[in-house]
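Student: Provide a 3D model corresponding to the input given below.
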Amino acid sequence: MSADIGAPHDSAAAPEPDDSRGGSGGGSSSGAVDKRGRGRRARRPAKAGRGGKRRVNVPRRKKRDPEGRMSLGDHLRELRNRAIIAAIAVVLCGVVGWIQYKPLLEFLTQPLRIVAVREGWGDVGLNFQGLTTPFGLQLTVALWLGIILSAPVWLWQIWAFIVPGLTKREKRTAVAFICAAVPLFFAGCALANFVLPTAVRVLLDFTPQGTWNLIPADQYLAFVTRFILAFGIAFLLPVLLVALNFAHVLPARVMIKGWRFAVLLNFVFAAMMTPTPDAWTLFVLAIPMCGLYFGAVGVAFLIDRHRAKKRPDWADLDDDTASPL
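Tutor: So this is what the prediction gives:
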């Protein structure tokens, strides 16, 4: 008698149902088999975010070039962003000027009262001409104070626009430049406030005797605000020169060779920014500018000397000369 009586003949050969083929034999499958018999990885469904919505893959932000190289479009976008930030800072600080308009107006008209006391004119004031003149002057004075108070912000934006072209080590000096530029700007504005009564007195002395000088408010405030800003910006020129030297644009040897031309430009700039016929106001602005210019030349020489020590010897060789390497 055969040993396999009662056992099905195909029980050993009958294969178990393979769930991986995606048949109807039940069970979930983690993969699939295509027509060629090769395994395919099943696609994972997109993860759902909050509210059951499908997440969208946001492209990563473009990394900056480590050497600071930027295209023309990147430079224009950078300039736009910096200008917007500076404008917002000016407007926000201008709100303070709008609120404190009356104390500011008394401060700006103080040179007139000083001259009136010295000359014995009595009480003096400004002449507001036009219906909308008071509103326009208040807005002008508010923006003027906004420019002065927001000086650290827009000075930083100017420096940050130059920074992408520099190395990482040179970027660390940005704080030192801002710490030097902001006090110089405020020092120039303070010097203008000190000189302003003399400039107003000299200009009013040209009024003939027996006549009245009805000073329009818009002309006087425009003169005073521009006068103070001109002194502040003039004191920023040395910082700009050192920044150009840091950017490898203006070497110190070029600055010292053109010192005569620089002194002449300083006096021309002072003459344009101080529209008074006396020489006192001209020299008060021109002489500090010349001193700051030579100070900037000295700082530029130190920077070039430090840079030359780190420069390899073979960097100055001609193309036809063999280097030690």
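Student: quick one, helices of the stretch 51-200 of the chain?
Tutor: 72-99, 101-108, 110-119, 133-149, 151-162, 168-171, 174-204 (DSSP state H, counting those that start in this stretch).
Student: any idea how far N213 is from A116?
Tutor: Distance, A116 to N213, by C-beta to C-beta, to the nearest Å: 11 Å. Any C-beta I mention is one placed from the backbone N, CA and C, and that applies to glycine too.
Student: Between the helices of the stretch 51-200 of the chain, which one is closest to A308.
Tutor: helix 168-171 (15.2 Å; C-beta to C-beta).
Student: Quick check: mean pLDDT of the closest one?
Tutor: For helix 168-171, mean pLDDT is 64.
Student: what's the answer for stretch 267-287, then?
Tutor: 80.
Student: First-to-last residue distance for that stretch?
Tutor: 8 Å (C-alpha to C-alpha, to the nearest Å).
Student: and that stretch, which residues are buried?
Tutor: Under the neighbour-count criterion of 16 or more other C-beta atoms under 10 Å, stretch 267-287 has F267, F269, A270, M273, T274, T276, T281, L282, V284, L285, A286 buried.
Student: Same check on stretch 130-139?
Tutor: By 16+ other C-beta under 10 Å, the buried positions in stretch 130-139 come out as L137, Q138.
Student: which residues touch P238?
Tutor: L184, L292, Y293, G295, A296 (C-beta atoms under 8 Å, 6 or more residues apart in numbering).
Student: And the contacts of stretch 84-101?
Tutor: Taking C-beta under 8 Å, 6+ apart as the rule, stretch 84-101 contacts 104, 138-139, 141-150, 153-154, 157.
Student: got the buried residues for that stretch?
Tutor: Quick answer for stretch 84-101 (16+ other C-beta under 10 Å): A86, A89, V90, C93, G94, G97, Y101.
Student: likewise stretch 74-86?
Tutor: Those would be R82, A86, for stretch 74-86 by 16+ other C-beta under 10 Å.
Student: Please save the CA atoms from that stretch in PDB.
Tutor: Written as PDB, here are the backbone C-alpha positions of stretch 74-86 (Å, rounded to 0.1, in the frame of the first residue of the first chain):
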ATOM      1  CA  ASP A  74      20.400  90.900  -7.200                       C
ATOM      2  CA  HIS A  75      22.100  94.300  -6.700                       C
ATOM      3  CA  LEU A  76      19.000  96.200  -7.700                       C
ATOM      4  CA  ARG A  77      16.800  94.100  -5.500                       C
ATOM      5  CA  GLU A  78      19.200  94.600  -2.600                       C
ATOM      6  CA  LEU A  79      19.200  98.300  -3.200                       C
ATOM      7  CA  ARG A  80      15.400  98.400  -3.300                       C
ATOM      8  CA  ASN A  81      15.100  96.500   0.000                       C
ATOM      9  CA  ARG A  82      17.700  98.700   1.700                       C
ATOM     10  CA  ALA A  83      15.900 101.800   0.500                       C
ATOM     11  CA  ILE A  84      12.500 100.600   1.700                       C
ATOM     12  CA  ILE A  85      13.900  99.800   5.200                       C
ATOM     13  CA  ALA A  86      15.500 103.300   5.400                       C
END
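Student: could the buried residues of stretch 84-101 go into CSV alongside distance to P134 and pLDDT?
Tutor: Output for the buried residues of stretch 84-101, formatted as CSV (distance: C-beta to C-beta, whole Å; pLDDT from 0 to 100):
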residue, distance to P134, pLDDT
A86, 28, 93
A89, 26, 94
V90, 22, 94
C93, 21, 94
G94, 17, 93
G97, 15, 91
Y101, 10, 92
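Student: Could you tell me the angle between the host helix or strand of V284 and helix 174-204?
Tutor: Using DSSP states H and E, V284 falls within helix 279-309. Helix 279-309 and helix 174-204 are oriented at 160 degrees to each other (axes from the mean of the first three to the mean of the last three C-alpha atoms, to 10 degrees).
Student: Adjust the sequence numbering to begin at 677 for everything that follows.
Tutor: With 677 as the first residue, the last one maps to helix 955-985.
Student: Check which helices and strands helix 955-985 sits against.
Tutor: Contact here means 3 or more C-beta pairs under 8 Å, 6 or more residues apart in numbering; DSSP states H and E; on that basis helix 955-985 packs against helix 850-880, helix 893-910, helix 913-922, helix 928-933, helix 935-949.
Student: okay, these, which one's buried deepest?
Tutor: helix 913-922 (a mean of 21; mean count of other C-beta atoms under 10 Å).
Student: just the angle between that helix and helix 955-985, please?
Tutor: Taking the same axes, to 10 degrees, one finds helix 913-922 and helix 955-985 inclined to each other by 20 degrees.
Student: and the angle for helix 913-922 with helix 893-910?
Tutor: Using the same axes, to 10 degrees: helix 913-922 against helix 893-910 is 40 degrees.
Student: list the contacts for C865?
Tutor: I824, I904, L905, F907, G908.
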